[in-house]
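Undergrad: I'll drop the sequence and a predicted model, then ask my questions.
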Amino acid sequence: MKSDPKTLNEAIELVNEELLQTFLKKHKDYGKGNILSIKELGIAFRISEKGERLKNLLMKNGTPENESIEDTWTDIGVYAIIGLLYKRGWFQKLEVESKK
C-alpha cells in the first residue's frame, strides 16, 4: 500500500481512489456494453461469483495462482459501486471523462 492513513476517513479515501482507478482501467477494456447487457441482476451474479471465489480462497488459506484475495475484494467493491450507479440510472447515461 502506498500510504499509511491516520484515520478511517483517510483509509476510505485511499480505497475509494484505488477502486476508481481499477474501474477506469477495466472500463477501457470492457466498456459499458457488458454491464448494460447483464443489467442489475447480472451485476448481482458477478458479485456472488466473486464472493464464492473469495470464500474458497479464504478457506484454503493458500496463495492464489491467478488473482489475489485483495484483487477479489477490489472487484467486489467496484461491482457494488457499479450496481449503485446502475440502480440510480447514472451508469446507463453517463460516460467516463476523457483526459485532455
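TA: Perfect, thanks for sending it. Numbering: from 1, shown residues only.
Undergrad: the spatially most central residue of the chain: helix or strand, and which one exactly?
TA: The centre of the chain sits closest to residue 78, judged by C-alpha atoms, centre = their mean, with a distance of 1.9 Å. Here residue 78, judged by DSSP states H and E, is contained in helix 69-87.
Undergrad: how much space between residue 41 and residue 79?
TA: Look at residue 41 and residue 79: by C-beta to C-beta, to the nearest Å, they are 12 Å apart. Just so you know, the C-beta spots here come from the backbone N, C-alpha and C atoms, and that holds for glycine as well.
Undergrad: and the closest residue to residue 96 other than its chain neighbours, how many neighbours does it have?
TA: In this structure, residue 96 finds its nearest non-sequential neighbour in residue 27, 5.9 Å apart by C-beta to C-beta, 6 or more residues apart in numbering. Per other C-beta atoms under 10 Å, the neighbour tally for residue 27 reads 15.
Undergrad: residue 27 contacts residue 98, correct?
TA: No - the pair residue 27 / residue 98 is not scored as a contact, 11.9 Å apart, by C-beta atoms under 8 Å.
Undergrad: give the closest residue to residue 51 in space, chain neighbours not counted.
TA: Nearest residue to residue 51 in three dimensions, chain neighbours excluded: residue 76, at 6.7 Å (C-beta to C-beta, 6+ apart).
Undergrad: pull the number of nearby residues for the one you found.
TA: 19.
Undergrad: quick one: residues contacting the closest residue to residue 83 other than its chain neighbours.
TA: The spatial neighbour of residue 83 that comes closest, neighbours along the chain excluded (C-beta to C-beta, 6+ apart), is residue 43 at 4.6 Å. Counting by C-beta atoms under 8 Å, 6 or more residues apart in numbering, residue 43 makes contact with 35, 79, 82-83, 86.
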